[in-house]
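Engineer: Next one to model:
(one chain, ligands or ions: 1)
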Amino acid sequence: MSIVLGSNQYGKSENRVFRVYRDTARHEIRDLNVSSALRGRFDDAHVTGDQSAVLPTDTQKNTIFAFAKQHGVGAIEDFALALADHFINQTPAAEGARVEVEEYHWDRIQVDGTGHDHSFVRGGSGTRNTVVNVDGSGSDRRAHVVSGISDLTIAKTTGSEFQGFLTDEYTTLPETDDRILATALVARWRYDGTDIAWDKSFDDIKATLLQRFAEIHSHALQESLYGMGATVLEQHPEVAEIRFSAPNKHHFLVDLSPFGTENPGEVFIAADRPYGLIETTVTRDDATDPGSAWHAVPGFC
Ligand SMILES: O=c1[nH]c(=O)c2[nH]c(=O)[nH]c2[nH]1
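Structural biologist: The predicted structure is shown next:
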């Protein structure tokens, strides 16, 4: 028997970068959570203890904060790609780099109907994110971008049914032609290429997901997700595939009959667990090879 080192990567996780643009009295802010990881020929760091090939995670952290000033923070995808390329170029042993960015959304505080110059309230629905994987450099460079949104909490109060399902001796669930459908959606989509108007693409895809969730008369969360994903792929040639992870946030009708009160679909108990977890991929039949695109993407390994 011999013991060998398996796959490994290392980096600095969850660097909380708060970038203020204060060129005028009307400040702008960007609030990010950035994680880096390098992979490659780092065997000695583990096996012999020789750290000469290792760019310390502390340096990775410093670089992330320095880039926020020196390069600025545009679309999170561009920020992540710049960091990944830098780490690979800086570290001869690195064969690949992964940079994940989450962006927290802030709105201006409204004062007398006007957005304040330098006061903000955390808001927005869902957290935008990206996971960039770059392999190699120069003419061998291959970059993969998976972007998405998490915690997009959505509900519809009708237009959802669940019936005709398989039954056995353990089945108790009644069939229903009218129920609440709710989820905290995680959607991640893989881009074909990197020459993309990231912000516009994100805004349009998010709008499409919400619109289709509302419009689709759902026979199951599975059908809603497939329909939402199919529309994204139809409308966005820059997207090769989209993956969903959707907890079915069950809302159970409360029995008010002991109190002599009818409850025709008006009062529900919003259960937090257990929950059905529906995970779905929608892809093109001619989609490009994903390469390392899904490497260490949370929830989608
Ligand atoms: O949309 C649903 N999909 C299921 O697979 C399922 N299973 C279940 O009990 N309720 C639901 N709802």
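
Engineer: Going by C-alpha atoms from here, please, whenever you check contacts or count neighbours.
Structural biologist: Fine.

Engineer: What are the neighbouring residues in contact with residue 291?
Structural biologist: Contacts for residue 291 were tallied using Cα atoms under 8 Å, 6 or more residues apart in numbering; they are residue 144.

Engineer: any idea how far it lies from the ligand?
Structural biologist: Using Cα to the nearest ligand atom, to the nearest Å, we find residue 291 at a distance of 31 Å from the ligand.

Engineer: Confirm that residue sits in a strand?
Structural biologist: No: with DSSP: H, G, I helix; E, B strand; the rest coil as the criterion, residue 291 is located in coil rather than a strand.

Engineer: what about the residue sitting furthest away from the middle of the chain, distance to the ligand?
Structural biologist: Residue distances from the centre of the chain (Cα atoms, centre = their mean) peak at residue 260, which lies 46.1 Å from the mean C-alpha position. Applying Cα to the nearest ligand atom, one obtains 29 Å for the distance of residue 260 from the ligand.

Engineer: Spell out, range by range, the helices that occur in this structure.
Structural biologist: Applying DSSP state H to the chain gives helices spanning 43-47, 57-70, 76-90, 198-215, 221-235.

Engineer: Make a markdown table from those and add distance to residue 1 and mean neighbour count to it.
Structural biologist: Listed next are the helices of the chain as a markdown table, based on distance: least, Cα to Cα, whole Å; neighbours: other Cα atoms under 10 Å:
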| stretch | distance to residue 1 | mean neighbour count |
| --- | --- | --- |
| helix 43-47 | 17 | 13 |
| helix 57-70 | 33 | 15 |
| helix 76-90 | 34 | 21 |
| helix 198-215 | 50 | 16 |
| helix 221-235 | 46 | 19 |
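
Engineer: Is it possible to get JSON lines of those that adds distance to the ligand?
Structural biologist: Formatted as JSON lines, the helices of the chain follow (distance: least, Cα to the nearest ligand atom, whole Å):
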{"stretch": "helix 43-47", "distance to the ligand": "44"}
{"stretch": "helix 57-70", "distance to the ligand": "41"}
{"stretch": "helix 76-90", "distance to the ligand": "33"}
{"stretch": "helix 198-215", "distance to the ligand": "13"}
{"stretch": "helix 221-235", "distance to the ligand": "4"}
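
Engineer: With mean pLDDT added, can I get those helices in TSV?
Structural biologist: What follows is those, written out as TSV (pLDDT from 0 to 100):
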stretch	mean pLDDT
helix 43-47	98
helix 57-70	98
helix 76-90	98
helix 198-215	98
helix 221-235	98
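
Engineer: can you list the ones you listed in a markdown table and add distance to residue 152?
Structural biologist: Listed next are the helices of the chain as a markdown table, based on distance: least, Cα to Cα, whole Å:
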| stretch | distance to residue 152 |
| --- | --- |
| helix 43-47 | 40 |
| helix 57-70 | 27 |
| helix 76-90 | 18 |
| helix 198-215 | 9 |
| helix 221-235 | 13 |
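
Engineer: Nothing else from me, thank you.
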